[in-house]
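Colleague: Next input, structure requested:
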Amino acid sequence: MENIIDISENNLKRKGVVDERAFLQMREEISLYSHEKKQVVTGLREIIEYAKKENILLGPGRGNSAGSLVLFGEGYSKRNPMDYGLLPELFSASKIVWLDVEYSRYREIGQMCDELTQKTGVEVIAFRSPLLDIFKSLEKQIGKVEFNSFSDYDPMILQAPKNGTRGLFWLEWSPNFHAHQNSSLEWQEKSQWKNEELEKFFKENSFQGPMDYMVQDCLMSLGMRKEFFAYPHRTVADCPGTLPELKDTKGMLVFREDWLKILARTTGVSILEASRMHRAIANDEKAAEATVFEKVEDPEVRALLRSTCKTVYSKAHAVNGWLQYKQTAILKSLWPKEYLATLDAWEKEHGLVWFEFGYKPSPTEFYLKA
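Modeller: Numbers count the residues shown, from 1 in each chain. I've put the predicted structure just below:
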């Protein structure tokens, strides 16, 4: 226990973390770890070190593991989860750890992840990423780009969609996207977007910061067209009595992490218990866990939690989307000719859209598994 705490504390200090709250949160996170979860951390450290040694690109952490302070310190996640309001303690209960690896060079990392899964019983999966292939090809032309040296609030990044959505992660849309094709016909109709309408929208509207992108990403993913197009004109003033957890989303409860924070604050349950209850209620609204709503004194808050239980979206996933959008916005803004040509060539060679990502279409199926 002491060893992993010391290693994690030093890792965070090397990344410039000085906030004592982060160190307290990190210690709490580790206190929740099982023996197997500690083995996962050690195994991921070995995978990350191997990838660095062999010059294999890995993508940002995905899912609840992206919220871990320990894994941020290890280099698995690229940005401090505390900056985005994520919940580090959720990683302790997660049975899944996902990461991205170059599409064309994946076998070693895939094998190491499989071995770690067998050793720990935790599902550690590497997915082949087209975007990382494109980054590697671009490195040969323009050199290595230090994406984190750019501010999240750089106008170049926030206003990139005004020059079109082609090449911008999650803003370019295609009916050939695997997750879209694999969804139900009802969902396909609901989430049918057109690039021309998106380009028109973004020419008229700009992101004010990362959270704007993440909320729009969420609304787009959920097929909430009305809310998507209305969001830039929404203000917190339009939502009297806005909960403190929702001040950065203009009063909208769209993220699961915010849902958990509200339930924990209003009922006194822990974040982990709130997470367990949320999954149970989202699966069955009549589950025994639904009685927790009776502890919420404010009827409007109680109704809000009930009505959004099945629709809230992972903020950790949205943060991952923001980081990839930011990377593509930088490349398109500074090296448009090289970036778009490389992207076109990759799609032509592989017959896939460039923004494909690996996921789990069913409990027994993996798409783009390394």
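Colleague: these two touch, right, Arg306 and Val292?
Modeller: No: between Arg306 and Val292 there is no contact under C-beta atoms under 8 Å: 10.7 Å. (Glycine included, C-beta is placed from N, CA and C.)
Colleague: Can you pick out the residue with more neighbours from these two?
Modeller: With other C-beta atoms under 10 Å as the criterion, Arg306 and Val292 differ in neighbour count, and Val292 comes out ahead with 22 against 14.
Colleague: Now do the same contact list for the more buried one.
Modeller: Applying C-beta atoms under 8 Å, 6 or more residues apart in numbering to Val292 gives the contacts Leu263, Thr267, Val269, Met277.
Colleague: so which of those residues comes closest to Lys250?
Modeller: Proximity of the contacts of Val292 to Lys250 was ranked by C-beta to C-beta; the top entry is Leu263 with 20.6 Å.
Colleague: Ignoring the adjacent residues along the chain, who's closest to the closest one?
Modeller: Distances taken as C-beta to C-beta, 6 or more residues apart in numbering put Ala274 closest to Leu263, at 4.5 Å, once the chain neighbours are dropped.
Colleague: can you count the residues close to the closest residue in space to Gly75 that isn't next to it in sequence?
Modeller: Leaving aside its sequence neighbours, Gly75 sits nearest to Ile48 (C-beta to C-beta, 6+ apart; 5.1 Å). Look at Ile48: counted by other C-beta under 10 Å, it has 18 neighbours.
Colleague: Please tell me how far Ile48 sits from Thr311.
Modeller: Distance of Ile48 to Thr311, given as C-beta to C-beta, to the nearest Å: 34 Å.
Colleague: Then Lys15?
Modeller: With C-beta to C-beta as the criterion, Lys15 and Thr311 are 34 Å apart.
Colleague: What of Met277?
Modeller: Distance, Met277 to Thr311, by C-beta to C-beta: 16 Å.
Colleague: These two: which is more packed in?
Modeller: Higher neighbour count among Met277 and Thr311: Met277, with 23 against 14, using other C-beta under 10 Å.
Colleague: Just to be sure, the more buried one is in a helix?
Modeller: Yes: counting by DSSP: H, G, I helix; E, B strand; the rest coil, Met277 falls inside a helix.
Colleague: shouldn't it be in contact with Glu289?
Modeller: Yes: counting by C-beta under 8 Å, Met277 does reach Glu289; the two are 4.2 Å apart.
Colleague: any weak-confidence spans in the chain?
Modeller: Segments of the chain classed as low confidence (criterion: pLDDT under 70) are 1-2, 191, 236-241.
Colleague: please redo it, this time with the cut-off set to 50
Modeller: Across the chain, residues meeting the criterion (pLDDT under 50) sit at 1.
Colleague: middle-most residue in it, spatially?
Modeller: The residue lying closest to the centre of the chain (C-alpha atoms, centre = their mean) is His317, at 2.0 Å.
Colleague: Please tell me how far whichever strand or helix holds it is from the chain's geometric centre.
Modeller: Assigned by DSSP states H and E, His317 belongs to helix 315-334. Offset of helix 315-334 from its chain centre (C-alpha atoms, centre = their mean, to the nearest Å): 10 Å.
Colleague: So for that helix, what gets flagged as buried?
Modeller: Neighbour-count burial for helix 315-334, counted by 16 or more other C-beta atoms under 10 Å, picks out 315-333.
Colleague: Where does Lys119 fall, secondary structure wise?
Modeller: Here Lys119 is assigned to helix 107-120, by DSSP H and E.
Colleague: Same question for Glu172.
Modeller: Applying DSSP H and E, one finds Glu172 in no helix or strand.
Colleague: From Asn176, how far out is Glu356?
Modeller: Glu356 sits 9 Å away from Asn176, going by C-beta to C-beta.
Colleague: Please say which of the two ends up with more neighbours.
Modeller: Per other C-beta under 10 Å, whichever of Glu356 and Asn176 has more neighbours is Glu356, with 22 against 12.
Colleague: Would it be right to say that that one lies in a strand?
Modeller: No: per three-state DSSP, Glu356 lies outside any strand segment and is coil.
Colleague: got the contact list for it?
Modeller: Here Glu356 is in contact with Pro130, Phe177, His178, Leu368 (criterion: C-beta under 8 Å, 6+ apart).
Colleague: which among those residues end up buried?
Modeller: Listed as buried from these are Pro130, Phe177, His178, Leu368; burial here means 16+ other C-beta under 10 Å.
Colleague: Apart from its chain neighbours, what residue comes closest to the last one?
Modeller: Just to be clear, that refers to Leu368. The shortest distance from Leu368 to any non-neighbouring residue, by C-beta to C-beta, 6+ apart, is to Gly358 (3.6 Å).
Colleague: what's the neighbour count on the one you found?
Modeller: 22.
Colleague: what do you get for the one 3 residues further on?
Modeller: When counting by other C-beta under 10 Å, one arrives at 12 neighbours for Pro361.
Colleague: ditto for Leu158
Modeller: Leu158 has 20 nearby residues by other C-beta under 10 Å.
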